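Asker: everything below, folded, please.
(2 chains)
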Amino acid sequence: MSAKLERLCQNLHSVLGERVGSLVTALGEVTLVVTAADYLAVARTLRDHPDLRFEQLIDLCGVDYASYGEVSAPAGVAAERANRFAAVSQLLSLSHNWRLRLRVFAEDGAFPVVDSVTSIWNSADWFEREAFDLFGIMFRGHADLRRILTDYGFIGHPFRKDFPISGYVEMTYDPEQKRVVYQPVSIAPREVTPRIIREQNYGNTDRG
Amino acid sequence: MADIQNYTLNFGPQHPAAHGVLRLVLELDGEVVVRADPHIGLLHRATEKLAEQKTWLQSVPYMDRLDYTSMLVNEHPYVMAIEKLLGIEVPLRAQYIRVMFDEITRIHNHLLSIGTQALDVGAMTMVLYTFREREDIIDILEATTGARMHGAYYRPGGVYRDLPDRMPRYEVNKFKNAKTVKELNAAREGSLLDFVEDFADRFPGNCDDYETLLTDNRIWKQRLVDIGIVSPERALQLGFTGPMLRGSGIEWDLRRKQPYEVYEHLEFDIPVGVNGDCYDRYLVRMEEMRQSSRIIKQCVAWLRQHPGPVITDNHKVAPPSREKMKGSMEELIHHFKLFTEGIHVPAGEVYAGIEHAKGEFGVYLISDGANKPYRMKLRSAAFTHLSAMDEMARGHMIADAVTIIGTMDIVFGDVDR
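Answerer: Numbers count the residues shown, from 1 in each chain, chains lettered A, B, ... in the order given. As a prediction, this is how the structure comes out:
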């Protein structure tokens, strides 16, 4: 771990104190996990505190941990477990030239809600709309939480692990009604290359 | 007096100045934009979801199709992220090749961006000149990768193959006589590197030509100066990166500040704007192209003197050569496993960001140790820039909305993913 990252970790510990849920440094990157209750306050501190000063929110995305570490996606409705959905943001400090990954888990897996950080970083606006659209994470305090990428009138949240890759409906032109109509998909699901998780060190690149 | 109401105007989804399928709902007060609401997603292909169904290697070609005006540089953060997770070293020659193609595609991107922006605001000639140079770049890509646009050239651990020794040449046909062909082939007699060097040598001269067309052009300045001003503080708040951030006067370039690959060994300058308007961003892009040709020349000089491997010899990640594969059982197994099951990437998460032509392009990967990514998030600069459309267009005339779309340098493959 480089001296710089060590300094960042120290600053995080001293500034945030008990609000640090977990702080992991791996592959030259620092990941901070906070609870949903602390999220907004921590985000504001991260931006404003002179020892941290993360002026920019580079990215914010939703993650669905429903089938993490499992070979196949959950069949049907996934187990609505706690800590299923997370909002992960990549922060950048231009003045200190360091990065931080901030993760917050939504407490309720069935109806995930986290606070919106649009008031702290305006760039979060569309990122949160995207996470809402694709994962169904509700951002409390977002002024304009509409769908952004999917079609008008789309039903469901397509990037959830229990949403099939082919979707549920397909659109065709109906010559009799002279308009496009939605109907259930006719594509059979298939997997060309199966998803495999090998034991630890299976593809150990050190051994060449 | 009659009650005058604002009216809404639909701009797009099919509009030549929308740079793709952008539906822009503009609320107008007379000719002044009161509110701009971009509706995106008409080109959404769920690349991130598709990548979860594919092995690590199979997703490389998807990256080209994100920002289809700067193809190879899109693959860069993706392979960098995988390399970071795997913890493998990339041969130095491959790093120089990647940097060279990053810069070539940067020029390619800016040529299209400036050319079409000029077209949008009414200067027809510019696009014809920029596409002339763009054609040379596409020829370079074709000679190297085999495809004119979607190269799929970078691999985790290096690049797919070394640079070719021979540049393809024109042949005499019923449309081109011997004299024309001789002129066209003048720069193509040698290897690819000769052609690239020749291009990098003459390109600053081409930039001078572009500048005579635009930089002091009265109409161009009337359309761009003081349009879409973004203060440095707002640029940071809105998540701007790349030329959009530098145009507002903040000197921030990942190639310099967080150097990846071999950028720390290369000499180049970072142009910065002053006023943060569309004209400054145009000047920044213009200077970036000159700097890119400087970097390309340095890469060519290095590549000439240092032959060597271009992909890692770790056969858990990169395939063995055909020759070895035919002769050795172990290599055959490696080859078979690599192309059926794919690479196994250790569990973990990583973010790799690079200085893309449009700004910071990042790939956030979560692996759970399988032969496919668990989650991939693409952070594209254009998405963030377009989200500032409302703020930048508000209070401007409707014709300036077109200028602002042009200056954002948006490509819908990149915005919608």
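Asker: list the buried residues in stretch A:160-177.
Answerer: Burial within stretch A:160-177, assessed by neighbour count using 16 or more other C-beta atoms under 10 Å in any protein chain shown, is assigned to A:160, A:161, A:162, A:163, A:167. From N, CA and C alone the C-beta is placed, and that goes for glycine too.
Asker: could these be laid out in JSON lines, adding distance to residue B:27, secondary structure and pLDDT?
Answerer: Compiled in JSON lines, the buried residues of stretch A:160-177 are given as follows (distance: C-beta to C-beta, whole Å; DSSP: H, G, I helix; E, B strand; the rest coil; pLDDT from 0 to 100):
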{"residue": "A:160", "distance to residue B:27": "34", "secondary structure": "coil", "pLDDT": "88"}
{"residue": "A:161", "distance to residue B:27": "39", "secondary structure": "coil", "pLDDT": "85"}
{"residue": "A:162", "distance to residue B:27": "39", "secondary structure": "coil", "pLDDT": "84"}
{"residue": "A:163", "distance to residue B:27": "34", "secondary structure": "coil", "pLDDT": "86"}
{"residue": "A:167", "distance to residue B:27": "33", "secondary structure": "coil", "pLDDT": "85"}
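Asker: now for the residues you listed, which pair is the farthest apart?
Answerer: A:161 and A:167 (14.2 Å; C-beta to C-beta).
Asker: residues of the stretch 101-250 of chain B that sit close to chain A?
Answerer: B:236, B:237, B:238, B:239, B:241, B:250 (C-beta under 8 Å from any C-beta of the partner chain).
Asker: those residues in helices, which ones?
Answerer: B:236, B:237 (DSSP state H).
Asker: circling back to that earlier point, which of the buried residues of stretch A:160-177 sits closest to residue A:196?
Answerer: Checking the buried residues of stretch A:160-177 against residue A:196 by C-beta to C-beta gives residue A:161 as the nearest, at 17.0 Å.
Asker: just say helix, strand or coil for residue A:30.
Answerer: In three-state terms, and counting by DSSP: H, G, I helix; E, B strand; the rest coil, residue A:30 is strand.
Asker: centroid residue for chain B?
Answerer: Central residue of chain B (C-alpha atoms, centre = their mean): residue B:70, 2.9 Å from the mean position.
Asker: list the contacts for it?
Answerer: Remark: with contacts taken as C-beta atoms under 8 Å, 6 or more residues apart in numbering or on different chains, residue B:70 is in contact with B:105, B:106, B:108, B:109, B:356, B:357, B:358.
Asker: that one and residue B:238, how far apart?
Answerer: When C-beta to C-beta, to the nearest Å is applied, the distance between residue B:70 and residue B:238 equals 22 Å.
Asker: roughly how far does residue B:324 sit from residue B:333?
Answerer: Where residue B:333 is concerned, residue B:324 sits at a distance of 12 Å (C-beta to C-beta).
Asker: got any ranges where chain B has weak pLDDT?
Answerer: Low-confidence segments of chain B (pLDDT under 70): B:1-2.
Asker: what's the answer for chain A, then?
Answerer: A:1, A:72-82, A:200-208.
Asker: what ranges does it have for its strands?
Answerer: Assigned by DSSP state E, the strands in chain A fall at A:22-26, A:29-34, A:56-64, A:85-93, A:98-105, A:113-115, A:138-140, A:169-174, A:179-184.
Asker: burial count for the residue of the stretch 101-250 of chain B found nearest chain A?
Answerer: For the stretch 101-250 of chain B, the residue closest to chain A is residue B:239, as judged by C-beta to the nearest C-beta, at 2.7 Å. Residue B:239: 31 surrounding residues under other C-beta atoms under 10 Å in any protein chain shown.
Asker: tell me who's in contact with the closest residue to it other than its chain neighbours.
Answerer: Excluding the flanking residues, the one nearest residue B:239 by C-beta to C-beta, 6 or more residues apart in numbering or on different chains is residue A:123, at 2.7 Å. Applying C-beta under 8 Å, 6+ apart, one finds that residue A:123 lies in contact with A:56, A:57, B:237, B:238, B:239, B:384, B:387.
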